[in-house]
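Enquirer: sequence plus predicted model, see below.
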Amino acid sequence: MQRIRVATSILLLVAGVSAQADPAEDFNTLLTEAWEWQLVESPVFASRLGDRRNNDQWGDISLAAYERRHTEQRDFLRRLRAIDSSRLSAADQLNYDLFRRELQDDIDSYQYKNYLMPMSQRGGVQSLESTAETVRLATVQDYEDWLVRMSRVESVIEQTMELQEEGRKTGYMPPKILMERIPDQISSQLTEDPESSPFYIAFAEMPDSISTEDQERIRQTAKEIIDESIVPAYRRFSRYFDDKYLPASRDSIGASSLPNGEAFYEYRVRSFTTTQMTPDEVHRLGLTEVKRIRDEMQLIIDELEFSGSFDDFLNFLRTDSQFYYDTPEELFNGYLAVAKRIDPELVKLFGKLPRMPYGLRPIPDNIAPDTTTAYYNRPAADGSRPGYYYVNLYRPEVRPKYEMEVLSVHEAVPGHHLQISLQMELEDMPDFRKYSGFTAFTEGWGLYSESLGYEIGLYKDPYSRFGALTYDMWRAVRLVVDTGMHYKGWTRQQAIDFFKDNAAKTETDIINEIDRYISWPGQALAYKIGQLKMLELRHKAEQALGDDFDIKAFHDELLGGGALPMQVLETRMNRWLAAELAGNND
């Protein structure tokens, strides 16, 4: 018996030593488990990537689920810290640091209870049907899964109201000025005819590969679900929202007015910029950038020999019909033409281009009045769906032609589609890095890409050049107004006026943008912070390498590690630059 105990002890000791001897295996096991956990907890995200195992689920957004996920993330972090990262390869040490950062960021965010405000004027439970645009609907099974998802909309609405009610009781309420936009959005779901429902759009045109009999059956089931489940659920939600939630929403707009609001906003600044910058530092940087760009704008006004003031010129751009299309169709075709001009020029700037294609789509009519000028949706990881560049066709008379080139560069190529698709195609990279990232990098790249328009034959006339500067100014203004509203006590009107005084955006765009910043504290800061770092790194490389600077090699290296925090990106590019200099000196 004694010998058995000794032998057992030795085996346990050996097993323990063996486990400790391979931290790489432990780390990769943890990454695999955590990624699988994310796919299970976020089935819509999984569907968008092409993982259809839970294609009929929305995900649990109950209060209990948020608490459970927080506990489980803390456990992942505990397990991660138990791994000796010093014994990992250099690549895995970076993966370790990024995974730890991602986990810690999510854990830190929980205390601020932002999840108790689960909707904004830009989206939420009122527009669940838009999910159909981001998942594959190509087979009978795809449609069957979507029908089951539709039948579970009622549960999502109930859980949303649970979160909102907890927020109402504890003081976590969104601004009233934003919530006043929501009733009209909900009303679009309250249709008498199911074929007029936003949820029915997905069934209007179905693939020819699906038999007529199956199409009729699927459509009939969809109409029954809309009539018997979806519309009644939205009616209940509408009553709750109008009677209880909207009246209780807060009159203030800044995040600092929330419980622990100043700390919440300081956290958001650090999280979105991936820096240790304070809100005051960001605000001062914004004012400096606004002045710099304003001076460049004035040079173009002088070039055009415009006789009025800066304000007069902005008003001229906003109101003169020569700068606008008459119809949504003309506007959409204009965007298509711009995209076709850009695509063949990319080989001048990149050694590696993505395999995944992209397309253009109009922003859905029911959300277009309350959302921004454009946005991008990534492709499916399995290639079943391309990336999509969505453009706002609502009121073409406020969508200027001189912005179309710079907007397309940012949202499509060489901006978001190129960067995100290349990241998804990177080999030997864990999934959590392929399919997520850091806003300062992704949006910083989008804004940096706008400057590349000059190098691929865009911005040939003064108005397009002014449009490019307008977009740069727009992101500089964000640094000022976001910190102003959320940290320095600015009113919404102050922010609107500052924006209007410095950028040639139309009033509709300006108001929607300001309301977006109110609903999404800190996110808008990431663009300019990321862009400035990338421009700094390029300037440093150009100065050091001189005539040996290769723009293709620089871009391939910058994008070759996927989205990274700014300090990590700087370390990567400094290492590349040192290698380039050493190679040139051989």
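Expert: Thanks, I have the structure now.

Enquirer: give the contact list for the residue most central in space within the chain.
Expert: In the chain, the centroid-proximal residue (Cα atoms, centre = their mean) is Thr439; its distance is 7.1 Å. By Cβ atoms under 8 Å, 6 or more residues apart in numbering, the contact list for Thr439 reads 272, 523, 526, 530. To be clear about C-beta, it is placed using only N, CA and C from the backbone, and glycine gets the same treatment.

Enquirer: the last one sits in which helix or strand?
Expert: The secondary structure element spanning Gly530 is helix 526-545 (assigned by DSSP states H and E).

Enquirer: by contact count, what packs against that helix?
Expert: Judged by 3 or more Cβ pairs under 8 Å, 6 or more residues apart in numbering; DSSP states H and E, the packing partners of helix 526-545 are helix 261-273, helix 279-303, helix 439-451, helix 462-487, helix 551-559, helix 566-584.

Enquirer: one more time with 6 Å, if that's ok
Expert: In terms of contacts (3 or more Cβ pairs under 6 Å, 6 or more residues apart in numbering; DSSP states H and E), helix 526-545 is packed against helix 261-273, helix 439-451, helix 462-487, helix 566-584.

Enquirer: which residue ranges of the stretch 301-450 of the chain form strands?
Expert: 358-362, 374-377, 387-391 (DSSP state E, counting those that start in this stretch).

Enquirer: so which of those is nearest His486?
Expert: strand 374-377 (21.9 Å; Cβ to Cβ).

Enquirer: listing partners with orientation, what would you give for the closest one?
Expert: Using DSSP bridges, strand 374-377 pairs in its sheet with strand 387-391 (antiparallel).

Enquirer: so what touches the partner strand?
Expert: Strand 387-391 is contacted by residues 335, 358-361, 363, 374-379, 411-412, 417 when judged by Cβ atoms under 6 Å, 6 or more residues apart in numbering.

Enquirer: buried among those residues? Make that a ChimeraX selection.
Expert: Buried members of the contacts of strand 387-391, defined by 16 or more other Cβ atoms under 10 Å, are picked up in ChimeraX with:
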select :335,358,360,363,374,376,377,378,379,411,412,417
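
Enquirer: any weak-confidence spans in the chain?
Expert: Filtered on pLDDT under 70, the chain yields the residue ranges 1-21, 586.

Enquirer: domain-wise, how is it divided?
Expert: Following automatic domain parsing, one finds the domains of the chain at 2-41+62-116, 137-251, 264-530.

Enquirer: quick check: which of those is buried the most?
Expert: domain 264-530 (a mean of 19; mean count of other Cβ atoms under 10 Å).

Enquirer: follow-up on the earlier one: closest one of the contacts of strand 387-391 to Glu216?
Expert: Arg361 (26.8 Å).

Enquirer: show me the contacts for the closest one.
Expert: So, once contact is read as Cβ under 6 Å, 6+ apart, Arg361 ends up touching 388, 390.

Enquirer: is it in a bridge, and if so with what?
Expert: Tyr390.

Enquirer: returning to that earlier point: now tabulate the helices and strands packed on helix 526-545 in TSV and tack on distance to Ser321.
Expert: Conversion of the helices and strands packed on helix 526-545 to TSV gives the following (distance: least, Cβ to Cβ, whole Å):
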stretch	distance to Ser321
helix 261-273	38
helix 439-451	26
helix 462-487	14
helix 566-584	43
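
Enquirer: nearest to Ala222, out of those?
Expert: helix 439-451 (35.0 Å).

Enquirer: okay, angle between that closest one and helix 462-487 too, please.
Expert: 160 degrees (axes from the mean of the first three to the mean of the last three Cα atoms, to 10 degrees).

Enquirer: and the angle from helix 439-451 to helix 261-273?
Expert: Using the same axes, to 10 degrees: helix 439-451 against helix 261-273 is 50 degrees.

Enquirer: next one: helix 439-451 to chain centre, how far?
Expert: 12 Å (Cα atoms, centre = their mean, to the nearest Å).

Enquirer: separation between Met206 and Tyr143?
Expert: Plainly put, Met206 is 7 Å away from Tyr143 if you go by Cβ to Cβ, to the nearest Å.

Enquirer: nope, Ala368 is what I was after
Expert: 26 Å.

Enquirer: how many neighbouring residues does the closest residue to Gly489 other than its chain neighbours have?
Expert: In space, Gly489 comes closest to Gly254 once its chain neighbours are excluded; the distance is 6.9 Å by Cβ to Cβ, 6 or more residues apart in numbering. Number of residues near Gly254 (other Cβ atoms under 10 Å) recorded here: 24.

Enquirer: in what helix or strand does Trp37 lie?
Expert: helix 23-41.

Enquirer: hang on, the earlier thing: and of the strands of the stretch 301-450 of the chain, who's closest to Ser42?
Expert: strand 374-377 (15.6 Å).

Enquirer: what sits against the closest residue in space to Glu289 that isn't next to it in sequence?
Expert: Leaving aside its chain neighbours, Glu289 sits nearest to Ala476 (3.7 Å; criterion: Cβ to Cβ, 6+ apart). Residues near Ala476 by Cβ under 6 Å, 6+ apart: 286, 289-290, 293, 528.
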